[in-house]
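*Asks:* Sequence and predicted structure below; questions after.
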Amino acid sequence: MEKADRPSSLCPPGCGGSKANKLGFFGKIAEDLCCAVERDPAATSKISVFLTYSGLHALWAHHFEHWLWKIGARGLARYLAQVTRFFTGVEIHPGASIGRRVFIDHGMGVVIGETAVIGDNVTIYHGVTLGGTSLEKVKRHPTLESCVVVGAGAKILGDITVGAHSRIGANAVVVKDVPPQSVVVGVPGQIIRRKQDVFGLAIEFDHTSLPDALTSNLKEVMERLSTIEDQLLIKPHHIADMHLDEEDYWEYDNGVDYSI
């Protein structure tokens, strides 16, 4: 569990928050309500968020369950965690360590394992799994540093670290460490490092601008091969049924269509 006690790496400079000003339970609730209004354009008011956002309800219940876990009332903590799961659709093990200003949007299907560590200002969408890959009683779940955004359906597995200000694309499967300031897409997750450091939260929610490293490189290889064939006056017989067009859509070459 040594990795769980690393607060300095979970709140790097520029993450938009500090652990210096400690808040009580109700102070954290107020802070979470503000975060939900800021990060979810569907939030109409703090009252509606307080009454209807199951992701926040699960987090608030977890704070109490985690306290029970730390003082040794582990059976009660596990039982209450199951009750919370029943009402919210979010399963958080009471042993998981979760920072401040974390927002679980929608929440349904989120699973967070026992030894998971989540830093401050993290946003998690529905269907996300922070899962373990070991049967031993060791640190076996992921660590998310501050200002990470995890897209819907993503799976982050094992004792790995997702660096601060990284973005995990929807349905990506992450099984190795992710450096800070990176984007991960695909199965298995392809890690793409940013050329410039990005701070703040607003830009991170633009899920339509995720890069496609495989398609980009495949197009380059095909273009270079075509150039070489033209220079060598090679006219190979085209056997593929499809090709990538200029907008990265696949098109049939033989005029036929597919059936669904």
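*Replies:* Received, thanks.

*Asks:* So, low pLDDT: which residues of the stretch 1-150 of the chain?
*Replies:* Along the stretch 1-150 of the chain, the parts satisfying pLDDT under 70 run over 1-20.

*Asks:* Pretty sure Ala116 sits against Gly99.
*Replies:* No - contact criterion Cβ atoms under 8 Å: Ala116 and Gly99 do not qualify, at 11.4 Å. Where you see a C-beta, it was placed from the backbone N, CA and C, and this is true even at glycine.

*Asks:* ok, residues contacting the strand or helix carrying Asp32?
*Replies:* Per DSSP states H and E: Asp32 is located in helix 25-39. Applying Cβ atoms under 8 Å, 6 or more residues apart in numbering, the external contacts of helix 25-39 come out as 23, 43, 45-46, 49-50, 53, 56, 59-60, 63-64, 100-103, 105, 121, 123, 201, 205.

*Asks:* one more time with 10 Å
*Replies:* Helix 25-39 is touched from outside by 17, 21-24, 42-50, 53, 55-56, 59-60, 63-64, 67, 100-105, 121, 123, 149, 201-202, 204-205, with contacts defined as Cβ atoms under 10 Å, 6 or more residues apart in numbering.

*Asks:* shared neighbours of Ala116 and Gly99, anything?
*Replies:* Common neighbours of Ala116 and Gly99 (Cβ under 10 Å, 6+ apart) are Leu144.

*Asks:* Mind checking which of the two has more residues around it?
*Replies:* For Ala116 versus Gly99, the count of surrounding residues by other Cβ atoms under 10 Å is larger for Ala116: 25 against 20.

*Asks:* ok, the more buried one - contacts?
*Replies:* 4, 92-93, 95-98, 130-132, 139-144, 156, 159.

*Asks:* So the closest residue to it other than its chain neighbours versus Lys155, what's the distance?
*Replies:* Computed as Cβ to Cβ, 6 or more residues apart in numbering, the closest residue to Ala116 that is not its neighbour in sequence is His141, at 3.9 Å. Separation of His141 from Lys155 (Cβ to Cβ, to the nearest Å): 12 Å.

*Asks:* So between these two, which is more surrounded?
*Replies:* Neighbour comparison, His141 and Lys155: the larger count goes to His141, with 26 against 21 (by other Cβ under 10 Å).

*Asks:* Doesn't the more buried one lie inside a helix?
*Replies:* No - counting by DSSP: H, G, I helix; E, B strand; the rest coil, His141 falls outside a helix, being coil.

*Asks:* right, and His126 touches Ala58 too?
*Replies:* No - His126 is beyond contact range of Ala58, at 11.6 Å (criterion: Cβ atoms under 10 Å).

*Asks:* The two - which one has more neighbours?
*Replies:* Neighbours were counted for His126 and for Ala58 using other Cβ under 10 Å; Ala58 has more, 23 against 18.

*Asks:* and the more buried one, what does it touch?
*Replies:* Applying Cβ under 10 Å, 6+ apart to Ala58 gives the contacts 65, 81, 84-85, 87-92, 104, 107, 110, 112.

*Asks:* mind checking how far the closest residue in space to it that isn't next to it in sequence is from Ser45?
*Replies:* Nearest non-adjacent residue to Ala58, counting by Cβ to Cβ, 6+ apart: Val90, 3.6 Å away. Distance, Val90 to Ser45, by Cβ to Cβ: 22 Å.

*Asks:* So what sits opposite the residue nearest the centre of the chain in the bridge?
*Replies:* Nearest to the mean C-alpha position of the chain, by Cα atoms, centre = their mean, lies Val150 at 1.6 Å. Beta bridges link Val150 to Ile124, Ile168, judged by DSSP bridges.
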